[in-house]
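>>> Sequence first, predicted model second:
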Amino acid sequence: MVDYRPPLRDIKFVLEHIAGIDEIALLPGFEHVDRDVVFAAVDEAGRFTAEVVAPVNTIGDQVGAKRLEDGSVRVPEEFTRAYQQYVAAGWNALRGPVEFGGHGFPTVVGAVMVEMMASASMALALCPMLGVGAVAALLAHGSDELKAMFVEKMISGEWSGTMVLTEPQAGSDLGMLTTRAEPGDDGTWRVFGTKIFITWGEHDMVGNIVHLVLARAPGAPPGTKGISLFVVPKYLVERDGSLGERNDVTCVSIEHKVGIHASPTCVMAFGDNDGAVGYLVGELHQGMRAMFTMMNDARLNVGLQGPAVAERAFQLALAHAQERRQGRAPGALASEAALIIDHPDVRRMLMIMKANIEAMRALMYANAALLDHAEHAADPAARERALAEASLLTPVAKAWGSDTGVEVASLGIQVHGGMGYVEETGAAQFWRDLRIAPIYEGTNGIQAIDLVLRKLPMDGGNVVRRYLDQFEALDADLAAGGTALASIRDGLAQGLAALREATEALLDAADPNDAQAGASPYLELFGIVAGGYYLAKSAVAAHRLARGNGDDGFYAAKVATARFYHEQIVPKARGLLEAATAPASVLFEIEPKLLGG
């Protein structure tokens, strides 16, 4: 297995030229942050994830999580040691508010840590990722009492958090959940029900696990409008902050999964005895509003898992291609077997991997940067614009990032040939681990429907139109780059034309079936062209820097990668336009009973 090498130079380039870290550092609340501080943190995070976290990845895959007879779950000892070092170094507190013991770094810097942690070990990274999301929900919707009880130790990482939504009959349709909460005599609640697919729902790495649980209170209206959110800790917390008795929360079983083996995915029983003690978060029957704060944080972070794991797959495939000899490459000596990297088709696969990773990373960091502006910009109108644009991008980040990441990981197996299908090479683990990402935190089909039915119509369609206007505004800079950027300019213009046409068609769709039928190809089209926009911005910056400062090959590679993306990936946009705007009627022409022939 090739050691993980964090792509630090590329990450810093994207922070500077796509996310605009210098501008973010000027926002209120980030007075203690500047580019040098951020880059120093990125360097140290890269060292930590490479040296401490990455070595446990294969161990976690092979050993997995084990449920014990008493209902507790044991993860590999190596995971516990790595996590303890992660907490001791303060990494879990990176984004946390200073008043609760956090370091107060921007969301986009947190995104860098999420990426590198997931690259190093996606299974381990899921634990702190969920905790950070739970903290966001408590900070936004919890009472001062709840914040004082839970937030500081969750920010430090001493306690972890979970998202407890799914039930056997209520997956994507949370309106069907039946877990109930009954009021107690002391202002607390008693929660009763069974939840499934709870990531890191039980484990032995932390002192307490803080579950955020959706349930119905008495008199709740049907559907999602009747759902409330409750904090249900594994151990009750005394007034002095110490841990009390074990709550009525039990891990019934853990799932045996395709990947992320060391991340315990639990079936959790709440209230098998007297009821699990819970605390209401926010207002009664407004639980979905509170939970969406956590879900939106998690959706961007799941999108980040795409380029993160794809980066590992690419590094492994590249190393293999530089060592493996097979066949005769064009122009090579007839007597010598060529390195497979010299074969055009292998080079094509590697370039597809590289270009997609860079496009995904840029889109994710841009989305995270918008969240920083949405929360910290001094001008309320600027905050509103940034929040609207971030809301537009979030389903794209989650779905396109995870789908494309899976495709890249699959290509990594292909580059290895038959050995990629053998577990010992490690190539298959990246695909197996990442395959869950298009499914959890809202399936990618649901993300596409959210994009088309909820996000495109924002402000009468003007949010998406203003966003696409930015693509067009880059044309002058691309034109100034002359022949070096000509194919990028042409490719982006053609991709933008297809995206604009599809956008207007879906905004005008009279039949909801037509809009939903085109949603997934539209989201893919959106992701490809948006990724192209960010790579075009990268190429403009790299072309300028190469001329001004000389080039050791890094800037030239940026431009070449953007050219490849626009010449060979963006042309897919035209075909996706046809699928995105096709009527839904053909989907329903075959009776369900005849679909199987």
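Thanks, I have the structure now.
>>> just for this protein, where's the confidence low?
Where the chain drops to pLDDT under 70, the residues are 1, 332-335, 597.
>>> can you list the domains in it?
Listed by automatic domain parsing, the domain ranges of the chain are 8-288, 295-441, 443-584.
>>> what ranges do the helices span in the stretch 401-550 of the chain?
Along the stretch 401-550 of the chain, counting by DSSP state H, counting those that start in this stretch, helices occupy 427-434, 444-450, 462-473, 475-480, 486-507, 512-517, 519-549.
>>> Of all these, which one comes closest to Asp379?
helix 462-473 (16.0 Å; Cβ to Cβ). Quick note: C-beta positions are derived from backbone N, CA and C, even for glycine.
>>> which residues does the residue nearest to Val53 when sequence neighbours are not counted contact?
Distance criterion Cβ to Cβ, 6 or more residues apart in numbering; nearest residue to Val53, sequence neighbours excluded, is Ala120 at 3.7 Å. By Cβ atoms under 8 Å, 6 or more residues apart in numbering, Ala120 lies in contact with Tyr4, Thr49, Ala50, Val53, Ala54, Asn57.
>>> which of those lies closest to Glu311?
Tyr4 (8.4 Å).
>>> now the closest one, what's its secondary structure?
coil (DSSP: H, G, I helix; E, B strand; the rest coil).
>>> what about the nearest residue to it once chain neighbours are set aside, distance to Asp552?
The shortest distance from Tyr4 to any non-neighbouring residue, by Cβ to Cβ, 6+ apart, is to Ala54 (3.9 Å). Distance of Ala54 to Asp552, computed by Cβ to Cβ, to the nearest Å: 26 Å.
>>> How about Gly442?
Taking Cβ to Cβ, one finds Gly442 at 42 Å from Asp552.
>>> between Ala54 and Asp552, which one's more packed in?
Ala54 (24 against 9; other Cβ atoms under 10 Å).
>>> list the contacts for the more buried one?
Residues near Ala54 by Cβ under 8 Å, 6+ apart: Asp3, Tyr4, Ser119, Ala120, Ser121.
>>> Put together CSV for the helices of the stretch 401-550 of the chain, with distance to Glu145 and mean neighbour count on each row.
Below are the helices of the stretch 401-550 of the chain laid out as CSV (distance: least, Cβ to Cβ, whole Å; neighbours: other Cβ atoms under 10 Å):
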stretch, distance to Glu145, mean neighbour count
helix 427-434, 39, 25
helix 444-450, 33, 21
helix 462-473, 37, 16
helix 475-480, 52, 15
helix 486-507, 45, 20
helix 512-517, 43, 18
helix 519-549, 41, 23
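>>> For the residue nearest to Val53, give its distance to Val63.
17 Å.
>>> State the helix or strand in which Val191 lies.
Element membership of Val191, judged by DSSP states H and E, is strand 189-199.
>>> helices or strands up against that strand?
strand 159-164, strand 180-183, strand 208-216, strand 227-233, strand 265-270, strand 276-281 (3 or more Cβ pairs under 8 Å, 6 or more residues apart in numbering; DSSP states H and E).
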